[in-house]
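Asker: Fold the stuff below for me.
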Amino acid sequence: MNRKYKIPFALTVLSLALVGCSSNSIKVEKVKPNPLPKLQQAKTLVPVFSQNTSSTAEEDPLRLQLDVDNGVVFSIDPKGEVAAYRGKQRLWQTEVSKQGLSSGVEAAEGLVIVGNQKGQLFALDQATGEKKWTAQLTGAILAPSLVHANRVVTISNDGIVYAHNLATGQQMWTYNLPNVQFSLRGSAAPVAVDPRTVLVATANAYIYAIDVVTGTPRMQRRVAISEGRSDIQRLNDIDGDPVVAGQFLVTTSFQGQVTVTDLASQQVVWSEDLSSTKRPEVVGNGVFVASADGRLVAYEITSGQKLWENDQLLNRRLSNPVMLGQDLVVGDMDGVLHLFNPSNGQLIGRAKTSGEVRSLRVINNQLYVGTQKGAFSIWQNR
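Answerer: Prediction:
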């Protein structure tokens with residue numbers, strides 16, 4: 001019988017920090033986060049919406065996220081509720097699952113899609129919160145689904161990709177990703193490439209392009225490698241969502257590389273060693289990555305040339321970086337939102353929310369923030 005072991009990221013980092021190991025004793029090297037750098041005349045952000053929900057376990061890397069469609073914001077409570085807001089007015093609130101919810105929200109085509117750790121996938125009516133259909137998957141759902149081409153595409157944590165009919169919830173196809181014995185707990189969300197194709201990333205650093213209508217694979221490409229003597233040291237997960245930028249596919253991997261692949265030729269353009277479990281940000285010719293040890297690094301997308309590196313936030317467990325207007329924003333373990341100049345990496349401002357920042361998104365030039373303590377908020381530039 002094949003067994004797969006899902007390892008929380010925090011435990012993996014702890015394991016990698018073990019020094020002086022023997023059969024009788026283990027000494028753990030404690031890593032202290034950098035203190036907050038001092039700022040003068042700092043920029044800040046203006047909050048426009050906030051809602052507090054239940055917190056998630058600190059060691060569980062759930063990245064619950066808000067979503068918005070037709071001007072309505074949809075939020076998720078890990079204890080099992082979904083709510084809809086227009087401005088600060090709550091339109092509805094529905095208890096979806098007594099077993100809780102573990103994926104972020106996907107809102108599109110009149111539906112709200114959420115999932116839980118029992119493998120239950122739920123579709124709600126955007127207008128009323130009424131359940132339209134429920135589907136049972138074989139593994140926990142830890143990443144948001146993708147609504148694309150009349151399909152709801154979901155990756156379960158046991159490595160199976162599912163596609164369900166958007167209107168009825170009927171299962172249309174499944175695709176089994178390669179089986180790995182060890183992986184980080186979590187997965188990247190599926191990403192659309194074109195009207196007929198979605199990309200899914202695996203725990204062994206492969207990218208698959210799949211026909212969203214039929215489930216037929218169109219491309220398979222390894223985008224990172226990892227070396228080490230132990231199984232944990234060889235972990236090479238892609239947990240950050242891949243980014244499609246024109247002809248390029250940008251990926252990050254744990255204990256692996258930042259890689260840019262040409263989608264037309266399916267060839268790697270460049271690859272640079274950097275460990276990250278977060279989605280990269282791609283704006284213009286810039287690729288911005290938050291590393292696992294807290295560095296923020298910028299690369300040129302066509303050449304891989306390093307443009308700058310900022311290590312002021314070492315070991316502060318950075319979130320994925322995003323571009324908000326003219327500023328690059330990243331969150332940290334203390335709920336601080338840091339603003340950087342994307343042209344030179346200079347730290348220029350900050351704002352504060354509550355709890356470790358787990359997900360950042362920019363929609364319609366507003367910043368959507370989700371934290372481990374259940375603080376969901378929306379911000380904009382001053």
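Asker: Quick one: residues contacting the most centrally placed residue in the chain.
Answerer: Centroid check for the chain by C-alpha atoms, centre = their mean gives G240 as the closest residue, at 4.8 Å. G240 makes contact with 188, 251-252, 276-280, 320, according to C-beta atoms under 8 Å, 6 or more residues apart in numbering. For glycine as for every other residue, the C-beta is placed from the backbone atoms N, C-alpha and C.
Asker: A helix includes it, no?
Answerer: No: with DSSP: H, G, I helix; E, B strand; the rest coil as the criterion, G240 is assigned coil and is not in a helix.
Asker: Tell me the secondary structure at the residue nearest to it when sequence neighbours are not counted.
Answerer: Distances taken as C-beta to C-beta, 6 or more residues apart in numbering place R279 nearest to G240, at 4.1 Å, with adjacent residues excluded. Applying three-state DSSP to R279 yields a three-state assignment of coil.
Asker: Also Q117?
Answerer: coil.
Asker: wait, isn't it in contact with S97?
Answerer: No: using C-beta atoms under 8 Å, Q117 makes no contact with S97, being 9.6 Å away.
Asker: Span of stretch 266-286 from start to end?
Answerer: Criterion C-alpha to C-alpha, to the nearest Å; first-to-last residue distance in stretch 266-286 is 21 Å.
Asker: Pull out the buried residues from that stretch.
Answerer: By 16 or more other C-beta atoms under 10 Å, the buried positions in stretch 266-286 come out as 268-271, 274-282, 286.
Asker: and which of these is nearest P61?
Answerer: Using C-beta to C-beta, T277 comes nearest to P61 of these, at 7.6 Å.
Asker: ok, D125 - how many residues close by?
Answerer: 15 (other C-beta atoms under 10 Å).
Asker: Same question for the one 10 residues further on.
Answerer: By the measure other C-beta under 10 Å, the count of residues near A135 is 19.
Asker: Got the phi and psi for it?
Answerer: phi -130, psi 150 (degrees, to the nearest 10).
Asker: so is the nearest residue in space to it that is not next to it in sequence in a helix, a strand, or just coil?
Answerer: Closest residue to A135 apart from its sequence neighbours, by C-beta to C-beta, 6+ apart: L121 at 4.4 Å. Using three-state DSSP, the structure places L121 in strand.
Asker: Give me the below-cutoff pLDDT ranges for the stretch 1-150 of the chain.
Answerer: Within the stretch 1-150 of the chain, the segments meeting pLDDT under 70 span 1-29.
Asker: Please enumerate the strands of the stretch 1-150 of the chain.
Answerer: Assigned by DSSP state E, counting those that start in this stretch, the stretch 1-150 of the chain shows strands spanning 5-7, 18-19, 27-28, 45-52, 67-69, 72-77, 81-86, 89-95, 106-108, 111-115, 120-125, 131-136, 146-148.
Asker: what's the answer for the stretch 201-350 of the chain, then?
Answerer: All strands of the stretch 201-350 of the chain, identified by DSSP E, counting those that start in this stretch, fall at 206-211, 217-222, 243-245, 248-251, 257-262, 267-273, 281-283, 286-290, 296-300, 306-310, 322-324, 327-331, 336-340, 347-352.
Asker: where does F182 land on pLDDT?
Answerer: Confidence at F182, expressed as pLDDT, is 66.
Asker: The host helix or strand of L199 to strand 206-211, inter-axis angle?
Answerer: Secondary structure from DSSP states H and E places L199 in strand 197-201. Orientation check (axes from the mean of the first three to the mean of the last three C-alpha atoms, to 10 degrees): strand 197-201 against strand 206-211 gives 160 degrees.
Asker: Can you give me every residue that contacts L307?
Answerer: Residues near L307 by C-beta under 8 Å, 6+ apart: 286, 298-300, 345.
Asker: let's see it at 10 Å
Answerer: Neighbour list for L307: 285-288, 297-300, 342-345 [criterion: C-beta atoms under 10 Å, 6 or more residues apart in numbering].
Asker: Mark which of those residues are buried, thanks.
Answerer: Among these, those classed as buried by 16+ other C-beta under 10 Å are 286-288, 297-299, 342, 345.
Asker: As a markdown table, these with distance to P178 would be great.
Answerer: Shown next, in a markdown table, are those (distance: C-beta to C-beta, whole Å):
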| residue | distance to P178 |
| --- | --- |
| G286 | 32 |
| V287 | 26 |
| F288 | 29 |
| V297 | 29 |
| A298 | 32 |
| Y299 | 28 |
| P342 | 36 |
| G345 | 37 |
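Asker: Mind putting the residues you listed into TSV with distance to L62 and pLDDT?
Answerer: Shown next, in TSV, are the buried ones among the contacts of L307 (distance: C-beta to C-beta, whole Å; pLDDT from 0 to 100):
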residue	distance to L62	pLDDT
G286	29	98
V287	26	98
F288	23	98
V297	25	98
A298	28	98
Y299	29	98
P342	28	98
G345	29	97
